[in-house]
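Engineer: Sequence first, then the predicted structure, then my questions.
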Amino acid sequence: MADRAKLIGFNHVALEVGDIEEALEFYGRLFEIELRGRGPRMAFIDAGDQFIAIAEGENRSPDKHRHIGMVVDDRRVVRRALRELGVEILPGRGLDFLDPWGNHWQVVDYSEIQFTKAPEILSGMGLQGLKKSEKALEELRRKGLAPG
């Protein structure tokens, strides 16, 4: 069997939106955003050591299964912003919604999942106080990724 590369994370996620300016305004009302770069029909939003690429396009058909799992420091703040914007929160136990272009977002809280930023990255993002729940730590311990 040939050697294979190990999946270690994601550099970026690319989304298609109807209008770059409208998208930046919409996402800016949900999240603190900082642009990494900009082109005529593209924009790149920083997410710590990763980023989201948004491109203007014509495909507006929502997909029931494909989605973006976004990690935030406080999911309650996003839920409140979605309500203020009148965005429908999809049924289920999490916090899922469709943006105006049909992109399906699933918002998860950093404390509740295995995904972990290095301490120096968290510190650089001003998030050094974020902690993991015991459930998330147990998942990491089972994989040998957290001290026992």
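Structural biologist: Arrived safely. Just so it is clear, the structure is predicted and the values come from calculations on it, not from any experiment.
Engineer: can you list the weak-confidence ranges in this structure?
Structural biologist: The chain contains residues with pLDDT under 70 at 1-2, 5-8, 59-65.
Engineer: who touches stretch 126-144?
Structural biologist: Contact with stretch 126-144 is made by 73, 110-114, 116-117, 119, 122, 146-148, as judged by C-beta atoms under 8 Å, 6 or more residues apart in numbering. C-beta here means a position set from N, CA and C on the backbone, and glycine is covered the same way.
Engineer: Ranking by neighbours, what's the top pick from those residues?
Structural biologist: Taking other C-beta atoms under 10 Å as the neighbour criterion, Y110 ranks highest of the contacts of stretch 126-144 with 20 neighbours.
Engineer: isn't that one right up against M70?
Structural biologist: No: counting by C-beta atoms under 8 Å, M70 is not a contact partner of Y110; they are 10.5 Å apart.
Engineer: which residues in the chain form strands?
Structural biologist: Here the chain has its strands, by DSSP state E, at 12-17, 35-38, 42-47, 50-56, 68-72, 95-98, 104-109.
Engineer: Using TSV, please lay out those strands together with distance to S133 and mean neighbour count.
Structural biologist: Below are the strands of the chain laid out as TSV (distance: least, C-beta to C-beta, whole Å; neighbours: other C-beta atoms under 10 Å):
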stretch	distance to S133	mean neighbour count
strand 12-17	24	17
strand 35-38	30	12
strand 42-47	21	18
strand 50-56	22	19
strand 68-72	13	16
strand 95-98	16	18
strand 104-109	8	18
